[in-house]
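S.K.: just coords:
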């Protein structure tokens with residue numbers, strides 16, 4: 001797993017999402033800063049948390065030595081999978 005690449009990618013994403021929160025704060029009416037922005041900040045950080053976890057897990061899975069040989073589509077019809085996984089008749 002290339003930690004530096006992942007950190008760089010997620011740092012860029014953090015900046016994008018945090019800017020969304022800051023934009024909402026800039027647009028918030030005077031005296032309503034919390035009411036107008038709290039949900040936006042919660043949503044963008046929830047999105048960041050989701051994307052961060054998914055990216056980290058996917059990076060770990062992709063780096064695993066058997067990742068390529070174990071890859072298959074669970075929605076692919078059974079008869080199209082490799083003959084080694086098909087039942088023998």
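M.R.: Perfect, thanks for sending it. Nothing here was measured: the structure is a model prediction, and the numbers come from that model.
S.K.: any chance you could map the strands in the protein?
M.R.: In order along the chain, the chain carries no strands (DSSP state E).
S.K.: Leaving out the residues flanking it, which one is nearest to the residue nearest the centre of it?
M.R.: What sits nearest the mean C-alpha location of the chain, by CA atoms, centre = their mean, is residue 51, with 2.5 Å. Counting by CB to CB, 6 or more residues apart in numbering, residue 13 is the residue found nearest to residue 51 once chain neighbours are left out, at 6.1 Å. Every residue, glycine included, has its C-beta placed from N, CA and C.
S.K.: Could you count how many residues lie near the one you found?
M.R.: Residues contacting residue 13 under the criterion other CB atoms under 10 Å number 15.
S.K.: what's near enough to touch residue 25?
M.R.: 33, 36-37 (CB atoms under 8 Å, 6 or more residues apart in numbering).
S.K.: repeat for residue 2
M.R.: Counting by CB under 8 Å, 6+ apart, residue 2 makes contact with 59, 63.
S.K.: State the distance from it to residue 20.
M.R.: 27 Å (CB to CB, to the nearest Å).
S.K.: on that earlier part again, read off the pLDDT value for the residue nearest to the centre of the chain.
M.R.: Reading off the confidence values, residue 51 has pLDDT 97.
S.K.: Residue 10 is in contact with that one, correct?
M.R.: Yes: in this structure, residue 51 is within contact of residue 10 by CB atoms under 8 Å, at 7.4 Å.
S.K.: the longest helix in the chain is where?
M.R.: When the chain is parsed with DSSP state H, its longest helix is helix 33-63.
S.K.: Pull out the buried residues from that helix.
M.R.: Neighbour-count burial for helix 33-63, counted by 16 or more other CB atoms under 10 Å, picks out 37, 40-41, 44, 48.
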